[in-house]
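Chemist: Kindly return the folded structure for what I paste below:
(chains A, B, C, D and E)
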Amino acid sequence: MDIATLGGLIVGAALVVIAILLGGSGLGPFFDAPSILIVVGGSLSAVLMRFPIKDFFTAMGAGFGRAFKDQTDDPLAVIENARELADIARKSGLIALESVEVANPLMAKGIQYCVDGMDADFIRTMMHKDISASIQKNQVGERVFRGMGDAAPAFGMIGTLVGLVQMLLNLSDPSAIGPAMAVALLTTLYGALLGNLVFLPMADKLNHRANKENQIRSLILDAVLGINAGTSPRVLEETLLVGLDPKKKEEGAEPEAAPA
Amino acid sequence: MDIATLGGLIVGAALVVIAILLGGSGLGPFFDAPSILIVVGGSLSAVLMRFPIKDFFTAMGAGFGRAFKDQTDDPLAVIENARELADIARKSGLIALESVEVANPLMAKGIQYCVDGMDADFIRTMMHKDISASIQKNQVGERVFRGMGDAAPAFGMIGTLVGLVQMLLNLSDPSAIGPAMAVALLTTLYGALLGNLVFLPMADKLNHRANKENQIRSLILDAVLGINAGTSPRVLEETLLVGLDPKKKEEGAEPEAAPA
Amino acid sequence: MDIATLGGLIVGAALVVIAILLGGSGLGPFFDAPSILIVVGGSLSAVLMRFPIKDFFTAMGAGFGRAFKDQTDDPLAVIENARELADIARKSGLIALESVEVANPLMAKGIQYCVDGMDADFIRTMMHKDISASIQKNQVGERVFRGMGDAAPAFGMIGTLVGLVQMLLNLSDPSAIGPAMAVALLTTLYGALLGNLVFLPMADKLNHRANKENQIRSLILDAVLGINAGTSPRVLEETLLVGLDPKKKEEGAEPEAAPA
Amino acid sequence: MDIATLGGLIVGAALVVIAILLGGSGLGPFFDAPSILIVVGGSLSAVLMRFPIKDFFTAMGAGFGRAFKDQTDDPLAVIENARELADIARKSGLIALESVEVANPLMAKGIQYCVDGMDADFIRTMMHKDISASIQKNQVGERVFRGMGDAAPAFGMIGTLVGLVQMLLNLSDPSAIGPAMAVALLTTLYGALLGNLVFLPMADKLNHRANKENQIRSLILDAVLGINAGTSPRVLEETLLVGLDPKKKEEGAEPEAAPA
Amino acid sequence: MDIATLGGLIVGAALVVIAILLGGSGLGPFFDAPSILIVVGGSLSAVLMRFPIKDFFTAMGAGFGRAFKDQTDDPLAVIENARELADIARKSGLIALESVEVANPLMAKGIQYCVDGMDADFIRTMMHKDISASIQKNQVGERVFRGMGDAAPAFGMIGTLVGLVQMLLNLSDPSAIGPAMAVALLTTLYGALLGNLVFLPMADKLNHRANKENQIRSLILDAVLGINAGTSPRVLEETLLVGLDPKKKEEGAEPEAAPA
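Modeler: Numbers count the residues shown, from 1 in each chain, chains lettered A, B, ... in the order given. Model (predicted):
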């Protein structure tokens, strides 16, 4: 569970609600069904036009899931795992890795290539293709949310323009002007809230998570190539640890604390 | 037929119409011929200035066609096709490919090079040139629509400014101010709708489709180079499948389900 | 003559005029000399600050010329020309090219290098330098117009602010407020029209034309290198045709239709 | 202590306060707790959604620290240090470096590799990994502040929209309109001030500092590789000095003035 | 003296003054000290936060100097100078260059390397470092002005918001509303003028000048490498001339006209 995504969303929404209540009007006047319809529906339909329908639903499901759940592997666990595999490979040969269960699917595929006796170039090419396919899949989710983050304020403005035109056509009753204009402004407010508090931060979170995952993937690639080349477990571990955050590395020094 | 493009357009337009009707005025006041003229005509003429006239008409025709129709080849069908060709080449030599009918024109051209006995470097260079010519052609369509998506809101603002100036010159009749300003705002509304609901999503869809096509093209290039090198059909299929989405790959495991 | 540039400009301007006339006021109130002065003059002076004075005048002259006239060589004519030269070189040696008149200056320079017996690396380096000097020169024109397209709306806003301040200082006569504000808005209108209907489309057209020219230039480079290497005329023609649009290539199949 | 960051912040804030006081109203009406709540809280919660919670707190702490304190090593001190180390290595061999204390951790790690007898490729790879891990860590801080700089004006607009809607719903008391709208505009003012005077300049300062640090790090990499290759101290110093600012270099000529 | 920078600035400012005078109010109401204070001071303090204090002052001084003075070397003079040096080197050996005075410091340093008998790789590496240090230094000046060009309109808006809030709090005297709002708008006007007429054009001019200087520097690098390789003066001159503008080249054909 990624507390930050959910927490940020709840805190942000609560702040807006509190600001409204402190302003003295209730929440009631800030809820307007047609305005919600035009902003949410318009953003969805603009994004629907941008992407194939299949990608759209996949991205919506996976995107929400990935933004709220943190399933990234711990780099230290990956390195620990690689050290064990390197140890087995050094002691009993690459063939002995066949019977070892490897949890991470990319690592498992790479180890399978080693067992099959493929050379380093082939392994690198195949795993690179696999990695870039994952990257492209992740980018679809990010782009769907970024597209909605761009469309929401635009449809907010469209809704406000519709409301303004209707208000201007009907200026005979001065007491109706204020409420009509208030309702017209609501779509702009919805668009700004959805874009800045929901869609764009989620696109950024997905981007951030994808970067983390790519680091793990290139760590796995380095690990598999090292195991295939018969690197000693100690040297392999040290080489893989170099690219990590100083803090994480200290934890790595006490491997009993690292089975995250 | 790409349901998403058409569906998104219809749903988006319907939402705006519903929002207008819920606002209590009819649709009538939201239709103003001079406003439509200035936004649509202005966007077209600005784009006309940006591109040679021939490219403009080609892009308009092809762009609309490509955005609403999904003609991208299925990667699994391409891989299946490549496996069959590799099988023939292994059994009867590259020359035997001469009599095989290949549906995809790029694949057909590549196979022709193999039949003619060209070497891998020549094939790669020639197919790369062909691929980059296709990419450039596709980009023209995308850029025409993106140009219109940028111009539409600008001409919407120009129309509103024209209307505002005329309204301000004629403030003597207070009851006319509201309707005059309503009409002035319509061009901004048209510009925002055309840009955000039609032109920009279509440019993004064309970009998305072009990316898909480029993936297919580089798959075909890999396939032709593999066939030319005499790779075994099984290895070729496996190599080509690596870069695909996990889901598609599972389908690929049951090739009887893949003749999309 | 590039009909699209001129046509787009005329149609766009006509549409704005028609929209004004349909609005019921004449064209008169939309003409205000000080407003034109501040927008056009301000854009020019801001661009003058950005570029050396010599580049500015060159860019203005060449830019207008290039945007309205289409002087790009026809790629098919270039390829046809290259085939003839390759034919002569094959039959009578590279020296025989000395007496051939070559219309295109870049091609002529490349052929001269061949005649002088320079090697392929030298020819590639020298022609690359020549090509990148042309690219830089073309970019100056595009950047001058893009700079004016950015400055025009800014000076439009500056003019409107000046007008608004003067109107606000003089609110004693209510009947003067409307016309004063109308005049103030005119500079914003001028800035938006100049930017979106003139300067930015011209910058895009120059960019588009420069891309076309660069394609021709790299075609010529390939042609000269091929001639220098003694490629057979038929193979050279086929290699050069690969990168072209499918449509053009069909025309190329009937070379009697290609003397553009 | 980086005087510029703090000084710029204080001077900028003072200027705004002075402008308010010169305007004749006191500072009181410019302080509104709910407005501050929505802008600061909204910016924080939007950024919280974008980044993992751990990175967020690290970035906030480190970011503020780094923006106000200048801890970048002096390049001349680094070069002086490298010359001494090269001198020892030349006279007593790389092993003799083991007993030397090296203050900079990256330099110390590189020297350790030299002592361990690693070859240049290994040292370059390992130090590159270390450097790119530091770069990524620095970028998180910059991106957090840039994210807040983008979110602050957006939440300022959201707060103003909330206030405008509440004002429009309650137009019955004309004397309340002015103050209500004044309060509504305060959130826009807070958002613009926080974004332009605090968050975005801090993001730029962090970026600027990171660039400086990367220059130092690549200087250290060059120095370690030079020491490992047994370059003479004089040549090493000269080579490292070449990339520096002319001014700094002159100071470097009198090394007694450089113990920064 | 670069007439364009100063001329553009004067003409632009004069146009604004003329437009104000044509508007019928004098210049007086357009001068407001607190507004100038908040826009100029705010822009300076935001930029002060972005850059180290030393870089800021250097950039301000050097930037203004470089924007108004044209000190770029004439490429033809550089080529002429290179030809003379190549001539000496061919006739009397590279050592003979020791006694030649070379005006351009980069050329002088490169010639010194030749005299010292360094090889081409060393010369290229060292001169590249020198060139990229100059590029970085130039970029600081450009970025300071671009930062001010971004900050000026933002502080203009901040000042206007302060003025609007004060006006709205004090609506009791209707006759004061107009002038108060006029003053409030002045900061937006100042911000737009400073940004679009001063800071951004100066940043662009510095960028343009830096590009020119980099061309000269890479010309000098080519010249030094050519001299070091013992290229014949005629070939060297021809090679260096290729990358120049056609016009300049014609001047170069009559070297008696080129002693710029």
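Chemist: how near is residue A:145 to residue A:54?
Modeler: 17 Å (CB to CB, to the nearest Å). All C-beta spots, glycine's among them, are computed from the backbone N, C-alpha and C.
Chemist: Of these two, which one has the most company?
Modeler: residue A:145 (25 against 10; other CB atoms under 10 Å in any protein chain shown).
Chemist: so is the more buried one in a helix, a strand, or just coil?
Modeler: Judged by DSSP: H, G, I helix; E, B strand; the rest coil, the three-state class of residue A:145 is helix.
Chemist: what about the residue positioned nearest the centre of chain A, which helix or strand?
Modeler: Closest to where the C-alpha atoms of chain A average out (CA atoms, centre = their mean) is residue A:206, at 1.8 Å. Residue A:206 belongs to helix A:200-228 when assigned by DSSP states H and E.
Chemist: Who are the packing partners of the host helix or strand of residue A:236?
Modeler: Element membership for residue A:236 (DSSP H and E) is helix A:233-242. Judged by 3 or more CB pairs under 8 Å, 6 or more residues apart in numbering or on different chains; DSSP states H and E, helix A:233-242 is in contact with helix A:75-92, helix A:200-228, helix A:246-253, helix D:120-168.
Chemist: rerun at 7 Å
Modeler: helix A:75-92, helix A:200-228, helix D:120-168 (3 or more CB pairs under 7 Å, 6 or more residues apart in numbering or on different chains; DSSP states H and E).
Chemist: Now do stretch A:119-129: everything it contacts.
Modeler: A:110, A:113, A:221, A:224, A:225, A:228, A:229, B:242, B:243 (CB atoms under 7 Å, 6 or more residues apart in numbering or on different chains).
Chemist: Could you point out which of those residues is nearest to residue D:214?
Modeler: residue A:221 (25.1 Å; CB to CB).
Chemist: Give me the helix or strand of chain A that scores worst on average pLDDT.
Modeler: Sorting the helices and strands of chain A by mean pLDDT, DSSP states H and E puts helix A:246-253 at the bottom, at a mean of 50.
Chemist: you'd agree residue A:22 is up against residue D:34?
Modeler: Yes - with contact defined as CB atoms under 7 Å, residue A:22 reaches residue D:34; the gap is 4.3 Å.
Chemist: Looking at those two, which has the bigger crowd around it?
Modeler: Higher neighbour count among residue A:22 and residue D:34: residue D:34, with 20 against 15, using other CB under 10 Å.
Chemist: Quick check: what element follows the host helix or strand of the more buried one along the chain?
Modeler: Following DSSP H and E, one finds residue D:34 within helix D:33-50. Downstream of helix D:33-50, the first helix or strand assigned by DSSP H and E is helix D:53-68.
Chemist: Assign the closest residue to chain E within the stretch 151-260 of chain A to helix, strand or coil.
Modeler: Closest residue of the stretch 151-260 of chain A to chain E, CB to the nearest CB: residue A:178 (16.4 Å). At residue A:178 the chain is in helix, as set by three-state DSSP.
Chemist: That one: what's it in contact with?
Modeler: Neighbours of residue A:178 in contact, by CB under 7 Å, 6+ apart: D:168, D:169, D:171.
Chemist: Go again with 8 Å.
Modeler: Contact analysis of residue A:178 by CB atoms under 8 Å, 6 or more residues apart in numbering or on different chains lists D:168, D:169, D:170, D:171.
Chemist: What distance do you get for the residue located most distally from the centre of chain A to chain C?
Modeler: Relative to the C-alpha centroid of chain A, counting by CA atoms, centre = their mean, residue A:172 is the outermost residue, at 51.0 Å. Per CB to the nearest CB, to the nearest Å, residue A:172 is found 21 Å from chain C.
Chemist: Is it possible to get CSV of the contacts of residue A:178 that adds neighbour count, distance to residue C:64 and pLDDT?
Modeler: Shown next, in CSV, are the contacts of residue A:178 (neighbours: other CB atoms under 10 Å in any protein chain shown; distance: CB to CB, whole Å; pLDDT from 0 to 100):
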residue, neighbour count, distance to residue C:64, pLDDT
D:168, 22, 50, 88
D:169, 19, 55, 85
D:170, 18, 57, 80
D:171, 17, 54, 78
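Chemist: Can you add distance to residue B:12 and give those residues back as a markdown table?
Modeler: Shown next, in a markdown table, are the contacts of residue A:178 (distance: CB to CB, whole Å):
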| residue | distance to residue B:12 |
| --- | --- |
| D:168 | 28 |
| D:169 | 30 |
| D:170 | 34 |
| D:171 | 34 |
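Chemist: From these, pick the one nearest residue D:141.
Modeler: Using CB to CB, these come closest to residue D:141 at residue D:168, 41.2 Å.
Chemist: Now the closest one: closest residue in space, sequence neighbours ignored.
Modeler: Counting by CB to CB, 6 or more residues apart in numbering or on different chains, residue D:168 lies nearest to residue A:182, which is 3.9 Å off, once chain neighbours are set aside.
Chemist: Residue A:191 too?
Modeler: residue A:156 (2.0 Å).
Chemist: Let me see the contact set for the one you found.
Modeler: Neighbouring residues of residue A:156 by CB under 8 Å, 6+ apart: A:39, A:187, A:188, A:189, A:190, A:191, A:192, A:194, A:195.
Chemist: Kindly state the pLDDT recorded for it?
Modeler: On pLDDT, residue A:156 comes in at 92.
Chemist: Any stretches of chain A with poor pLDDT?
Modeler: Judged by pLDDT under 70, chain A has its weakly predicted residues at A:1-2, A:63, A:67-71, A:243, A:245-260.
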